[in-house]
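Enquirer: Need a 3D model of the sequence below.
(2 chains)
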Amino acid sequence: MSIEQNTAPADLAAEPDGAPVRRRDYRWLLSLGTLVALLAILEGAIRGFEVPSYIFPAPSEIFRSIYTGFAAPLSSKSAYYTHILTTVSEALGSFVCGSVLGIALGGLIAEFPLLRRLALPYVIGLQSVPKVALAPLFVVWFGLGISSKIVLGILLTFFPLMVNTLAGFASVEKDRLELMKSLKASPWKTFRYVKLPSALPFIFAGLEMAAAYSVLGAVVGEFVGGNSGLGVLMLNRNASLDIAGSMAALVLLALLGITLQKLVTMARNRLLFWAPSKDVLRNVEAQPD
Amino acid sequence: MTTHHAAATAVTGKAPGLAPGEPAITVRNLAKSYRSEGRGVVNALAPTSFTVADGEFVCLVGPSGCGKSTLLKILAGILKPSSGEYRIHRQGGAVADCQIGLVFQSPVLLPWRTVLENTMLPADALELDRDAMKLRAMQLLDMVGLKGFEKSYPSELSGGMQQRCSITRALLHDPPILLMDEPFGALDAMTRDVMNAELQRIRLESGKTIFLITHSISEAVFLADRILVMSARPGRIIEEVIPNLPDRGSLDVMASPQFGTAVHRIRKLLGIDVRDRPNVD
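Expert: Presented below is the predicted three-dimensional model:
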């Protein structure tokens, strides 16, 4: 008894895999510094070599364009707010709907073997269709408004979630299921207490992919045809050779994508403190320096 | 198959408490075979019969692949037997409908649950009164020396502590029978000795019927009232050994002549000798 307990504090001191470590982290300062330095070099090079702004605008011009877009009155055509609102609703709508559908169908297929046999071949077949190629059809079917973009986004986000959910349920440890069986647990209890939590790391890996795909779906949909949105804004400015304005929209799109992904990651870290990340890049990031 | 169903009703039916002298576990001609691709029909367990008396500690030793784990999984209700029957006799005093507590070789703790929550899993699965069970869980954790670790997560515990937590989980719903599948097989020799003494103490205190599978002959002799020795594939029980140790309250008993005799006897039965091929791990 005492032998074990004496070794326990040492075990506790070792940080468990994947557990959040609260430590002041100033690495973001380094990243910010790098960004500023790169932008300064770019600015200097573009001015020095007198690159025309309709080819590649200097960073300062892009920032000015971003500023004017936000400074413009709400009703103005060049104001960003409505465009941002459109793209955000499209991305969020498709992210939420596609994820819910993907998780639900993935769970159902995993739980019911008959459904798996019926649906899986079609699902796999559909997955190999290049889905963005359907964008023109969706615009015809669902119009120039946000619904055609949401449908495209759902199609894009649905698959990673369904496949990941399916994989998550398929990889539940056999011992855990046998434990629940020995406790005479009902299928629902086994699902709730063991299967769903075991599948969550996979589901979150899917959600992180879906976050990126939902923005992609919105932009591609807007490119094909739309009234408003950051994609539409980009196209219009491109057409009038306002490259700085076009890049400003691109920066906003990037920020949108990053924010969405960060939100998913934050939710993941809260819920899955116990699970090592399945994200390859994050594991690289988490490596000790 | 039909006989098995009859046995199943005996488990779930509200039969009165155990009659004196009636065994806690009865196994008659229990066998398991399954179809395997490429190998045809595989006999995982040859017809096996034995009984375990109420309150008895029985160990099953045998070489790998003789069907020990299959047998245990059938008794735990995880696998269905191909033929034969078994009865887990319903006893009074059990908190829940679940008559057995199962301990695996690995702790099988849920990493998202704390030590206390893991111990409480049977309460969730069997819908027991949470407040009463929480009290019991705290007592059990205290008993196995995990007091103060209730809020820890499994990843923060050593292997021996994790296995202790899995034992408290198996005991939570106060099952009259404990089924253990090489519970200490993954632990180092020192921790294993400690855990053996611990299990012996738990057993002497609680009077539970224990059926334990092990690879370790000395573990079996130290723990069991009776040892069933199983032969290699197809596994069948070739003999039972009763160690008759003088005092099992302490590990010192391992130095007694009775201990040596029993170990020697089982080794002979399993055909482990320096001169023989080592077909047992």
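Enquirer: Tell me the confidence at residue A:57?
Expert: According to the prediction, residue A:57 has pLDDT 88.
Enquirer: got it, and residue A:69?
Expert: For residue A:69, the model assigns a pLDDT of 84.
Enquirer: Angles on the backbone of the nearest residue to it once chain neighbours are set aside, please.
Expert: Nearest residue to residue A:69, sequence neighbours excluded (CB to CB, 6 or more residues apart in numbering or on different chains): residue A:80, at 4.0 Å. Quick note: C-beta positions are derived from backbone N, CA and C, even for glycine. Dihedral pair for residue A:80: phi -80, psi -30, per degrees, to the nearest 10.
Enquirer: Near residue A:80, how many other residues are there?
Expert: Neighbour count of residue A:80, defined by other CB atoms under 10 Å in any protein chain shown: 22.
Enquirer: ok, it touching residue A:67?
Expert: No - in this structure residue A:80 lies outside contact range of residue A:67 using CB atoms under 8 Å: 10.3 Å.
Enquirer: Low-confidence stretches in the chain?
Expert: In the absence of a named chain, this looks at chain A. Applying pLDDT under 70 to chain A flags the ranges A:1-24, A:277-289.
Enquirer: could you do chain B instead?
Expert: For chain B, the stretches with pLDDT under 70 are B:1-21, B:90-96, B:233, B:272-281.
Enquirer: Flag every residue of chain B that's near chain A.
Expert: Contact residues, chain B versus chain A (CB under 8 Å from any CB of the partner chain): B:73, B:76-78, B:97-98, B:100, B:102, B:104, B:106, B:108, B:110-112, B:121-122, B:124-126, B:145, B:149, B:152-153, B:155-158, B:160-161, B:173, B:179, B:190-191, B:194, B:198.
Enquirer: for the chain, longest helix please?
Expert: You didn't pick a chain, so chain A it is. helix A:81-111 (DSSP state H).
Enquirer: right idea, wrong chain: chain B
Expert: Ranked by residue count under DSSP H, the longest helix found in chain B is helix B:189-206.
Enquirer: re earlier: just checking, next helix/strand downstream of the longest helix of chain A?
Expert: Next in sequence after helix A:81-111, counting helices and strands by DSSP states H and E, comes helix A:113-127.
Enquirer: Need the residues that contact that next one.
Expert: With CB atoms under 8 Å, 6 or more residues apart in numbering or on different chains as the test, helix A:113-127 has contacts from A:105, A:108-110, A:159, A:162-163.
Enquirer: By neighbour count, which of those residues wins?
Expert: Highest neighbour count within those, by other CB under 10 Å: residue A:162, with 27 neighbours.
Enquirer: Enumerate every residue touching that one.
Expert: Residue A:162 makes contacts with A:101-103, A:105-106, A:109, A:123, A:206, as judged by CB under 8 Å, 6+ apart.
Enquirer: tell me the domain ranges of chain B?
Expert: Recorded structural domains for chain B (assignment: automatic domain parsing) are B:21-76+B:176-276, B:92-175.
Enquirer: what's the most buried one of these?
Expert: The highest average neighbour count among the domains of chain B, using mean count of other CB atoms under 10 Å in any protein chain shown, belongs to domain B:92-175 at a mean of 20.
Enquirer: how far is it from where the chain is centred?
Expert: The chain centre lies 16 Å from the centre of domain B:92-175; the measure is CA atoms, centre = their mean, to the nearest Å.
Enquirer: same question, stretch B:175-189
Expert: The mean C-alpha position of stretch B:175-189 is separated from the chain mean by 6 Å, CA atoms, centre = their mean.
Enquirer: same deal with stretch A:225-238?
Expert: Distance of stretch A:225-238 from the chain centroid (CA atoms, centre = their mean) equals 22 Å.
Enquirer: Buried residues of it, list them for me.
Expert: Going by neighbour count (16 or more other CB atoms under 10 Å in any protein chain shown), the buried part of stretch A:225-238 is A:225-226, A:228-237.
Enquirer: ok, the residue lying closest to residue A:191 once chain neighbours are set aside to chain B distance?
Expert: Leaving out its chain neighbours, the residue that sits closest to residue A:191 by CB to CB, 6+ apart is residue A:111, at 7.3 Å. From residue A:111 across to chain B, the span is 18 Å (CB to the nearest CB, to the nearest Å).
Enquirer: my read: residue A:111 touches residue A:172, true?
Expert: No - counting by CB under 8 Å, residue A:111 does not reach residue A:172; the two are 11.3 Å apart.
Enquirer: ok, residue B:159 - contacts?
Expert: B:107, B:186-188, B:191.
Enquirer: Rebuild those residues as TSV, extending it with distance to residue B:204.
Expert: What follows is those, written out as TSV (distance: CB to CB, whole Å):
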residue	distance to residue B:204
B:107	23
B:186	25
B:187	21
B:188	25
B:191	20
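Enquirer: Check those and tell me the two furthest apart.
Expert: Spatially, the most separated pair among the contacts of residue B:159 is B:107 and B:188, at 14.8 Å (CB to CB).
Enquirer: Closest one of the contacts of helix A:113-127 to chain B?
Expert: The closest of those to chain B turns out to be residue A:110 (CB to the nearest CB; 18.8 Å).
Enquirer: before we move on, back to that, narrow the residues of chain B next to chain A to those in helices?
Expert: In this view, those that belong to helices under DSSP H are B:73, B:121-122, B:124-126, B:160-161, B:190-191, B:194, B:198.
Enquirer: Can you pick out the most distant pair from those residues?
Expert: Using CB to CB, the pair of these lying farthest apart is B:126 and B:190, separated by 35.2 Å.
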